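Student: whatever this is, show me its structure:
(one chain, ligands or ions: 4)
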Amino acid sequence: MSGSIDTCNDQQQVIHTTCAYCGVGCGIKATITDKDLHMVDIEGRKDHPANFGRLCSKGSALGETVSLENRLLTPFIGEQRVSWDSALDEVAERLKATIEEYGPEAVALYGSGQLLTEDYYVANKLMKGFIGSSNMDTNSRLCMASTVAGQKRSLGSDTVPGSYEDLELADMIVLVGANTAWCHPVLFQRIRAAKEQRPDMKVVVIDPRATDTCDIADLHLPLKSGTDTALFNKLFSYLDKHNKLDQSYIDQHTQGFNEALKAARKIGNFSEVAEICGIEKGALKQFCEWYAETDKVVTAWSQGVNQSVAGTDKVNAIINCHLITGRIGKPGSGPLSLTGQPNAMGGREVGGLANQLAAHMDFSNTDDVDRVRRFWKAPNIATAPGKTAVDLFNAMDKGDIKFVWIMGTNPVVSMPDANKVISALKKCPTVVVSDCIEKTDTSEFAHIRLPAAGWSEKDGTVTNSERRISRQRALFDLSGASKPDWWIISKVAEKMGFGEAFDYQRAADIFREHATLSAFENNSEGRRRDFDIGALAAISDAEYEALEPFQWPLVSGQTSAHSHTRLFAEGGFFTETGRATIVSTTFKVSYHQPNADYPLLLNTGRVRDHWHTMTRTALSPRLSQHIDEPFLEVHPGDAQKYGLVDQALCRLSTAFDSILIRVAVTPSVGKGNVFMPMHWTRQNSKTGHCGVLVKPAVDPWSKQPGCKHTPARIEAVSLKQQAVLLSRKKQDFEPFDYATEVKFQQGFRYELAGRGIGSTMLESIGSDKERIDYTDPKTGSARSVWFALGQLQALLIVGESLSDCDRAWLQAAFEKEDIPFSERWRLLAGMPPQGEDTGKVVCACFGVGEKTICRAIEEGGFSDPAQVGQSLKAGTNCGSCIPEIRKLITSATALT
Ligand SMILES: Nc1nc2c(c(=O)[nH]1)N[C@H]1C(S)=C(S)[C@@H](COP(=O)(O)OP(=O)(O)OC[C@H]3O[C@@H](n4cnc5c(=O)[nH]c(N)nc54)[C@H](O)[C@@H]3O)O[C@H]1N2
Ligand SMILES: Nc1nc2c(c(=O)[nH]1)N[C@H]1C(S)=C(S)[C@@H](COP(=O)(O)OP(=O)(O)OC[C@H]3O[C@@H](n4cnc5c(=O)[nH]c(N)nc54)[C@H](O)[C@@H]3O)O[C@H]1N2
Ligand code: SF4
Ligand SMILES: [Mo]
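Tutor: Ligands and ions are numbered 1, 2, ... in the order given. This is a model prediction of the structure:
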């Protein structure tokens, strides 16, 4: 099937689209089984070059997240449902009034790498071209800004030189600050498959934590957080010392080598660098030797590099080593930034960051500003960079921003020092939030809420990490009154009097304009720019509908057969001289130091099956099974030092706030570090929200906050009363000191701590149901179960130690129709009969639990995850749980 949409029969329609989540940008074959009920089967698209049919657990579960649950389906002004006309009038009026009274600088827009390119283009054009304010920044500031700044400093443009197929062609892959197994799982599967075919291929993981990505690593360098620049500077001087440079590439295509070498040499000898980085000298040497002797090297990095107050230098220190060895833009060689969000790249292409203008043109170039002004026929074009995320919310807190429109992002959760963001939003006279979800931590502060269409209803394009533009296609009609983001923005523009420039009828209209701008005066007389998709400037609606994935640039006259898989092997950089700059980078020890009050470093990041602030993945009970509660990873040595017990609650504090969180003691975090996931919010936890703790310090070049490095302190707490509550109905957890909520198939489970849990819950669940109570004389734990018509309605266990209670089995009991009396007592005891306990879910695709896997390993004497897969199917779909299965095998073998 070449096109996009195919109708198999009256009911079933097959649509080719792109995954809603990460920057891998996997192609999806969606088979609609019931359009009205939003039922869809999701498979990987075999002919999509990003994934060739593969999907990860999140992509596979997309069908479970497209229901109307929690959707925002009408516009609201305050708590009042209003028509679109009223909502748009209100937004436009308030915008005009704010600009009139305070000027365009008092207006801001905060966007997202999850908007489609067409949405983003229109938002940027309205703000920078017509409102005349460059205060448009995006969550990409928290994500990719250091890579953008680093790539521009060295390559002269924000260009990713290589492609995913280099991962298969490389002889060595270095993963820096990237938990690829969990965050770019399909690329991880591609690397794993390549390594299985060519076991000599080496994988090096550079991360303070021993993550699941280490499952395929030949070498793991658990460096002290923040010390990457030191490590890559050592590599630089080693390559020079051992004559491993590509002198002719350096001479012909680069500048700045001598100064950069001088800076790199300052870092010291192997012993000194090993000490700085906190790694073994032998391991450091091994890495340098392998890198020096291997021609085909790909270095891929993500947030452990970008989210740092030295992020831009880290990016340049990595790229430098590729430039001086000429390993760039060649098959199997090159630096490869792994982008986070599905359209983090597309957002950069349209100029979504406050320092960018449009189509890879910048405020730093006055010709660019004039060019874009003429192209847009823009009356009020902004001429200087605007406020970047952290500055923008600070300015709002000071009262300088009087109107903000937040689109496709949840900054109350994802920004550092989130309490400051709350304070800023409370002060801002107009907060508009466009989201597809009814209630988020951010929308609670909105004066106007606009219902955006969701992933399954939107049409447009996204660009993945390898510069590949793919279509995202609507699977269903728009839900309720929801509208695509580009439509909402264009209508506001029209009401402000800019109708002519925003007269778009469909996404294709916007794409054509974007493609035309990319090629506009893009030549040696104008300014040659990397981003050029001029070949598509006149694409017809039908061609846009059928557009197949392609990599940019695609200049006028080219077809996708000319696809640029790689760039820069022969130089041709976008700097003024055409040469890449080898940037001098220095490592400053002071960057990431804890202090006496806060002696540890708080690192934050992601888990395998949740996406960001969980507005969508929490809708899937399957995805919520793998990790269902916020946790703090603490090294056993630190746990002992601070008197913390595995699975108990502790207090985690930074200079910004303090929270209660469950301890997970594990040697996988380095000593002196603690790690917490970023996903939990006020909607599903009382205190599990990490943004309030994170230091808002930013990188000087990119202004990206260092979300991975906040000095912190941990203390044991004694909370006498803890409880597990399972309930068919949602319950209010506000009264308790600690609470998290997780959705399972038939209801919600709560982990609680605080006073008066029993009495509060007895009252709130009510007395209209049958209730049995029991107090365990040994432990003093109090248990209650509620039934109605033989079905379990709720179950509460209040006690001191709850870690042995089998939650998976208790949840499954809610599926039973008529529970006999004998079993009701068993439920009260919280203990399943032998063999029925499955334990924590490891394989989300097939719902296989840890205890089931351990029994199979023991009974079958398995020594390889493939054998577990044959026996239980676990790990045979997306493969994301293979590292965990291997760990279970290792610990079982260690016991025997
Ligand atoms: N499951 C899942 N996948 C996702 C997402 C998600 O929410 N969930 N989000 C997507 C998005 S937007 C992004 S940006 C990517 C992020 O993808 P990743 O960057 O791979 O994920 P993180 O968990 O944020 O951080 C990666 C690692 O950086 C390490 N790190 C911390 N400090 C340092 C340091 O100083 N040096 C080095 N070398 N490493 C360090 C951390 O220990 C962590 O293991 O994931 C994308 N994919
Ligand atoms: N401590 C810490 N903080 C971090 C990070 C970290 O590692 N540690 N990582 C940072 C990074 S890399 C990122 S990318 C950010 C992500 O952080 P956010 O962008 O804040 O997180 P999301 O949950 O993805 O927010 C997307 C919002 O858009 C809504 N939405 C989804 N689709 C659409 C749509 O089509 N239109 C509209 N209008 N809305 C839509 C969703 O419901 C959701 O509310 O977090 C950053 N913050
Ligand atoms: S790796 Fe997973 S989350 Fe990322 S695009 Fe592919 S299926 Fe989606
Ligand atoms: Mo991100």
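
Student: which single residue in the stretch 101-250 of the chain comes nearest to ligand 2?
Tutor: When distances are taken as C-beta to the nearest ligand atom, the stretch 101-250 of the chain reaches nearest to ligand 2 at Cys143, 3.3 Å away. The way it works is simple: take the backbone N, C-alpha and C, and place the C-beta from them, glycine included.

Student: pretty sure that residue sits against Pro342.
Tutor: No. Using C-beta atoms under 8 Å, Cys143 is not in contact with Pro342, being 11.8 Å away.

Student: up against ligand 2, what does the stretch 401-550 of the chain have?
Tutor: Residues of the stretch 401-550 of the chain lying close to ligand 2 by C-beta under 6 Å from any ligand atom are 407-411, 413-414, 434-437, 440, 452, 454, 458, 485.

Student: same question for the stretch 251-400 of the chain.
Tutor: Remark: the part of the stretch 251-400 of the chain in contact with ligand 2 comprises 303, 307, 340-341, using C-beta under 6 Å from any ligand atom.

Student: turn those residues into JSON lines, columns for neighbour count, pLDDT and distance to ligand 4.
Tutor: JSON lines is the format used below for these (neighbours: other C-beta atoms under 10 Å; pLDDT from 0 to 100; distance: C-beta to the ion, whole Å):
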{"residue": "Gln303", "neighbour count": "25", "pLDDT": "98", "distance to ligand 4": "7"}
{"residue": "Gln307", "neighbour count": "25", "pLDDT": "97", "distance to ligand 4": "9"}
{"residue": "Gly340", "neighbour count": "24", "pLDDT": "95", "distance to ligand 4": "3"}
{"residue": "Gln341", "neighbour count": "26", "pLDDT": "95", "distance to ligand 4": "5"}
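
Student: could these go into JSON lines alongside distance to ligand 3 and secondary structure?
Tutor: Below are these laid out as JSON lines (distance: C-beta to the nearest ligand atom, whole Å; DSSP: H, G, I helix; E, B strand; the rest coil):
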{"residue": "Gln303", "distance to ligand 3": "15", "secondary structure": "helix"}
{"residue": "Gln307", "distance to ligand 3": "19", "secondary structure": "coil"}
{"residue": "Gly340", "distance to ligand 3": "10", "secondary structure": "coil"}
{"residue": "Gln341", "distance to ligand 3": "10", "secondary structure": "coil"}
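
Student: check those residues and tell me the two furthest apart.
Tutor: Largest separation among these by C-beta to C-beta: Gln307 and Gln341, giving 13.9 Å.

Student: shared neighbours of these two, anything?
Tutor: Common contacts of Gln307 and Gln341, defined by C-beta atoms under 8 Å, 6 or more residues apart in numbering, comprise Cys143.

Student: that older thread, from ligand 1, how far out is the closest residue to the residue of the stretch 101-250 of the chain closest to ligand 2 other than its chain neighbours?
Tutor: Ranked by C-beta to C-beta, 6 or more residues apart in numbering and with sequence neighbours excluded, the top spatial neighbour of Cys143 is Gly340, at 4.7 Å. Using C-beta to the nearest ligand atom, to the nearest Å, we find Gly340 at a distance of 2 Å from ligand 1.

Student: which residues of the stretch 101-250 of the chain lie near ligand 4?
Tutor: Along the stretch 101-250 of the chain, the residues adjacent to ligand 4 under the rule C-beta under 5 Å from the ion are Cys143.

Student: give me the low-pLDDT residue ranges for the stretch 101-250 of the chain?
Tutor: When the per-residue scores of the stretch 101-250 of the chain are filtered using pLDDT under 70, no range remains.

Student: now the helices for it?
Tutor: Listed in chain order, the helices found in the stretch 101-250 of the chain under DSSP state H, counting those that start in this stretch are 117-124, 145-155, 165-169, 180-183, 185-197, 228-241, 247-253.

Student: contacting residues around the residue of the stretch 101-250 of the chain closest to ligand 2?
Tutor: Residues near Cys143 by C-beta under 8 Å, 6+ apart: 113, 303, 306-307, 339-341, 344, 704.

Student: show the pLDDT at Asp10.
Tutor: The per-residue pLDDT reported for Asp10 equals 53.

Student: any stretches of the chain with poor pLDDT?
Tutor: Applying pLDDT under 70 to the predicted model, the residue ranges of the chain that meet it are 1-11, 526, 591, 720, 800-801, 895-896.

Student: who's in contact with the closest residue to Gly25 other than its chain neighbours?
Tutor: For Gly25, the nearest residue in space outside its immediate sequence neighbours is Asn464; the separation is 2.7 Å by C-beta to C-beta, 6+ apart. When contacts are counted by C-beta under 8 Å, 6+ apart, Asn464 is found next to 18, 23-25, 50, 339, 342, 345, 470.
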